[in-house]
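Asker: My questions concern the predicted model and sequence given below.
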There are 2 protein chains.
Amino acid sequence: MNTENRTAHAGRATYRDAGVDINAADAAKQRIAELVAATHGPQVLRGVGHFGGFFQAPGPDNPFVLVSSADSVGTKILVAEMAGQHASIGVDLVNHCVNDILACGARPLFFLDYIAAERFAPGLIEELIRGMTAACRAAGCALIGGETAQLPGIYQPGTYDLAGFIVGVVHRDLIVDGATIQPGDVLVGLPSSGLHTNGYSLARVAFGLHAGDPEARAKLAATPSWADRPLGELLLEPHRSYLPLIEPLLDSGLLRGMAHITGGGIAGNVQRVIPEGLEAIIDVRTWEPPALFRGLQQAGGIDTAEMYRVFNMGVGFVMIVRPDDAQRLTSQVDGARIIGEVQAAREPHGARARYVGLADAGGV
Amino acid sequence: MNTENRTAHAGRATYRDAGVDINAADAAKQRIAELVAATHGPQVLRGVGHFGGFFQAPGPDNPFVLVSSADSVGTKILVAEMAGQHASIGVDLVNHCVNDILACGARPLFFLDYIAAERFAPGLIEELIRGMTAACRAAGCALIGGETAQLPGIYQPGTYDLAGFIVGVVHRDLIVDGATIQPGDVLVGLPSSGLHTNGYSLARVAFGLHAGDPEARAKLAATPSWADRPLGELLLEPHRSYLPLIEPLLDSGLLRGMAHITGGGIAGNVQRVIPEGLEAIIDVRTWEPPALFRGLQQAGGIDTAEMYRVFNMGVGFVMIVRPDDAQRLTSQVDGARIIGEVQAAREPHGARARYVGLADAGGV
């Protein structure tokens, strides 16, 4: 029932699973990877960065590397339409992009947007830009271009899509890509502000929020028994930017790996930065998922494992550091909490991250 | 009947007309411009570049400037669907982006894509990437990232959208932005390869190509009386890249202004680089539009002025140079032809480009 599927390719440029027939997937992914690799010259840094693409900045003996990422916000847009408010969607898009390159150690430089619809409702573009520019200002990032497109026949009437593109910068000696991660290193999680921008197709089904349903707005305005504010506020809470928390640490050298938790959940994203031969063990008993996730699981009758596969479960960003540094971070960084550790892999070619404690994590 | 509307904002960052209610347009554009400008620090080069956004490249005393653009290909995608072939759409997207930053004097560095649909048809992503990577290789541009998204409820079933983001580079002393254009300078036009990526909503209506029409594929396979090959080939001919023709001239200093002819036609795009107090006069009698444009005009009963407002009419790129240089260029550059000149403006705040000779340009 959850057919939403959003995947990024960056660095090693693989289109993970996206829309590729399962039987033909491996062969197709291999062909795509080869096509993409054939466009890469020496200015592309290969094999680093799984949340952004790395390109040598121009200029003689330039020690800086440009890090870029393309993102969209998915069907959170449909919830925004039901609620009739869109500025937060602009914030979502920018912060998603900011966090992706941040996970590589990069600070944002500039941003461009693409907004498309069958036809734009009056004021929509301005509202989206109001959100994007607010998030850009907060991130010290310039909005320097974009495109808007009215495309009848491609988009569903009354809806729209929004994609963003960010370019940031990191000194080549300060790239964070997980390469130095060792057994015994610790995973430090940072709280999310809600679902961020993933899992909305499943969440909409769980809460019975169907496009065109005249009661959808009333459902969003109501406060569920398990919540302290209306469902619409919980679902549209903007994707949090981790830049204010992480930026002071970027030059410290203590960050061995970082993961922005998007589609695929904590394990699905942490595994992108774990080196071969190691695995990250995420102990789900180390934190309590916020009420929204429990309410969502119950409303949708969703399996616990599926919840941790689709949603961030309250952890939106993960730092991987030495044990000593982990103690310091959890006392210094607001909301930081140890959620797991890195071990030698049980199987040489298995998944590089997995959950433990799922059976005790509650559920329906 | 032509409700497609695609607009870029770059450099001075205005969302020209896009989906903004006409009465409220000026006030909204002003508010949007102020919101966007508030994100700009000293690294954003203001007031230069109307086809790309300019950002100072990182690194001490770096003389290079990054030039970026976001683009999409519009409803040409619907024609590709009718014909069942998509690789050329990937070429369209990359070349559109390449030409936009080329018009600022920039060479491409890297590219990211965004592909979204209700659901991906098997092989679609690979076909699009095959086209994008071929065009990237030809342009010396690395495909370093992107995102694919399956978003039920946002896209029409059976269709998709595709957006691209390019970053290129230009030495700050070699930025081409029209600032040095003088009265007496000459417009040199370069041939387009077809409609490129603009005007497809109008073209589809003119040729009776309706999505879901079972006869559409047969119409595309047929060769019209005025054509020498099938209509589908003419309409899906890839957007031409002008990089091979223009790159040898980029360091020469002879290019005072360049315009990539996209939505808005020749005048609509040339006026973006003409300084205040001047106007470009485009004499439509100086070239013969290819048969496709005449066939399209006749099929759709389209007014001549509308044709020149919507389509490139056979001129896909314009260089603005001194008269002496124009003579040299037309003898050296394949297909180059003088199509107009720059004069002191008749009215101080009028349009900065206009057509002459439209009454003699034929039509229906």
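Answerer: Received, thanks.

Asker: What segments of chain A are strands?
Answerer: Using DSSP state E, the strands of chain A run over A:5-10, A:53-56, A:64-72, A:107-117, A:142-150, A:160-171, A:186-191, A:257-260, A:278-283, A:315-321, A:337-344, A:353-356.

Asker: relative to strand A:160-171, how tilted is the fifth one?
Answerer: Think strand A:142-150. 160 degrees (axes from the mean of the first three to the mean of the last three CA atoms, to 10 degrees).

Asker: Pull up the pairing partners for strand A:142-150, direction included.
Answerer: strand A:107-117 (parallel), strand B:5-10 (antiparallel) (DSSP bridges).

Asker: again with the third one
Answerer: Strand partners for strand A:64-72, identified by DSSP bridges, are recorded as strand A:53-56 (antiparallel), strand A:160-171 (antiparallel).

Asker: okay if I get these as CSV plus mean pLDDT?
Answerer: Converted to CSV, the strands paired with strand A:64-72 look like this (pLDDT from 0 to 100):
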stretch, mean pLDDT
strand A:53-56, 95
strand A:160-171, 97
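
Asker: Let me know which of those is tucked in deepest.
Answerer: strand A:160-171 (a mean of 27; mean count of other CB atoms under 10 Å in any protein chain shown). For every residue, glycine as well, the C-beta is placed using N, CA and C.

Asker: Poorly predicted segments of chain A, please.
Answerer: Where chain A drops to pLDDT under 70, the residues are A:1-25, A:47-49, A:362-364.

Asker: Taking the stretch 101-250 of chain A, what residue is nearest to chain B?
Answerer: A:Phe120 (2.7 Å; CB to the nearest CB).

Asker: That residue: neighbour count?
Answerer: For A:Phe120, the neighbour count with other CB atoms under 10 Å in any protein chain shown is 21.

Asker: how near is it to B:Glu215?
Answerer: 32 Å (CB to CB, to the nearest Å).

Asker: Same question for A:Gly41.
Answerer: From A:Gly41 to B:Glu215 the distance is 46 Å (CB to CB).

Asker: Could you do A:Ile246 as well?
Answerer: Distance from A:Ile246 to B:Glu215, by CB to CB: 57 Å.

Asker: more neighbours, those two?
Answerer: Taking neighbours as other CB under 10 Å, A:Ile246 and B:Glu215 compare with A:Ile246 leading, 22 against 11.

Asker: residues in contact with the more buried one?
Answerer: A:Leu102, A:Leu255, A:Met258, A:Phe317, A:Met319 (CB atoms under 8 Å, 6 or more residues apart in numbering or on different chains).

Asker: and of the residues you listed, the nearest to B:Gly74?
Answerer: B:Gly74 lies nearest to A:Leu102 out of these, by CB to CB, at 33.1 Å.

Asker: and that closest one, how many neighbours does it have?
Answerer: Applying other CB under 10 Å, I find that A:Leu102 has 31 neighbouring residues.

Asker: swap in A:Gln30?
Answerer: If you count neighbours by other CB under 10 Å, A:Gln30 ends up with 11.

Asker: Enumerate every residue touching A:Gln56.
Answerer: Going by CB under 8 Å, 6+ apart, A:Gln56 touches A:Pro42, A:Gln43, A:Val44, A:Leu45, A:Asn62, A:Val65, A:Leu66.

Asker: To A:Arg352, which of the strands paired with strand A:64-72 lies closest?
Answerer: A:Arg352 sits nearest to strand A:53-56 of all those, at 20.3 Å, using CB to CB.

Asker: Run the chain-centre distance for that closest one.
Answerer: Its chain's C-alpha centre lies 20 Å from the corresponding centre of strand A:53-56 when counted by CA atoms, centre = their mean, to the nearest Å.

Asker: for stretch A:322-335, same thing?
Answerer: Taking the mean of its C-alpha atoms, stretch A:322-335 sits 22 Å from the chain's own mean (CA atoms, centre = their mean).

Asker: Over to stretch A:78-96?
Answerer: Here stretch A:78-96 is found 15 Å from its chain centre; the criterion is CA atoms, centre = their mean.

Asker: Helices along the stretch 201-350 of chain A, start to end?
Answerer: A:216-221, A:231-236, A:243-246, A:265-270, A:291-300, A:304-310, A:323-332 (DSSP state H, counting those that start in this stretch).

Asker: Not counting its own residues, what contacts the fourth one?
Answerer: Think helix A:265-270. Residues contacting helix A:265-270 (CB under 8 Å, 6+ apart): A:187, A:189, A:259-262, A:280, A:282, A:308-313, A:315, A:318, A:320, A:339, A:351-355.

Asker: out of the strands paired with strand A:64-72, which comes closest to A:Glu276?
Answerer: Among the strands paired with strand A:64-72, strand A:53-56 sits nearest to A:Glu276 (CB to CB), with 19.2 Å.

Asker: Next, the contact list for the nearest residue to A:Phe51 once chain neighbours are set aside, please.
Answerer: Spatial nearest neighbour of A:Phe51, excluding adjacent residues (CB to CB, 6 or more residues apart in numbering or on different chains): A:Ala103 at 4.2 Å. A:Ala103 sits next to A:Phe51, A:Gly52, A:Val176, A:Met258, A:Ala259, A:His260, A:Val273, A:Phe317 when contact means CB under 8 Å, 6+ apart.

Asker: Now do the phi/psi pair for A:Ala103.
Answerer: phi -60, psi -20 (degrees, to the nearest 10).

Asker: can you list the domain ranges for chain A.
Answerer: Here the domain assignment for chain A is A:25-174, A:186-360, based on automatic domain parsing.

Asker: Would you agree A:Arg229 is in contact with A:Ala221?
Answerer: No - A:Arg229 is beyond contact range of A:Ala221, at 10.7 Å (criterion: CB atoms under 8 Å).

Asker: Save the domains of chain A as a markdown table, and put in distance to B:Thr133 too.
Answerer: Putting these into a markdown table (distance: least, CB to CB, whole Å) gives the following:
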| stretch | distance to B:Thr133 |
| --- | --- |
| domain A:25-174 | 4 |
| domain A:186-360 | 23 |
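
Asker: Deepest in the core, which of those domains is it.
Answerer: Most buried among the domains of chain A, counting by mean count of other CB under 10 Å: domain A:25-174, with a mean of 23.

Asker: How far off centre is it?
Answerer: 11 Å.

Asker: and what of stretch A:288-306?
Answerer: Its chain's C-alpha centre and that of stretch A:288-306 lie 19 Å apart, by CA atoms, centre = their mean.

Asker: Output that stretch as CSV, nothing but the C-alphas.
Answerer: Provided in CSV are the C-alpha atoms of stretch A:288-306 (Å, rounded to 0.1, in the frame of the first residue of the first chain):
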residue,chain,number,x,y,z
GLU,A,288,11.5,6.3,23.1
PRO,A,289,9.9,7.1,19.7
PRO,A,290,7.7,10.2,20.0
ALA,A,291,3.9,9.8,20.3
LEU,A,292,3.4,10.5,16.6
PHE,A,293,5.2,7.3,15.6
ARG,A,294,3.2,5.2,18.1
GLY,A,295,0.0,6.8,17.1
LEU,A,296,0.8,6.3,13.5
GLN,A,297,1.7,2.6,14.0
GLN,A,298,-1.5,2.0,15.9
ALA,A,299,-3.7,3.9,13.5
GLY,A,300,-2.2,1.9,10.5
GLY,A,301,-1.7,-1.4,12.2
ILE,A,302,1.8,-1.3,10.9
ASP,A,303,4.4,-3.9,11.7
THR,A,304,7.2,-2.7,14.0
ALA,A,305,10.0,-3.7,11.6
GLU,A,306,8.1,-1.8,8.8
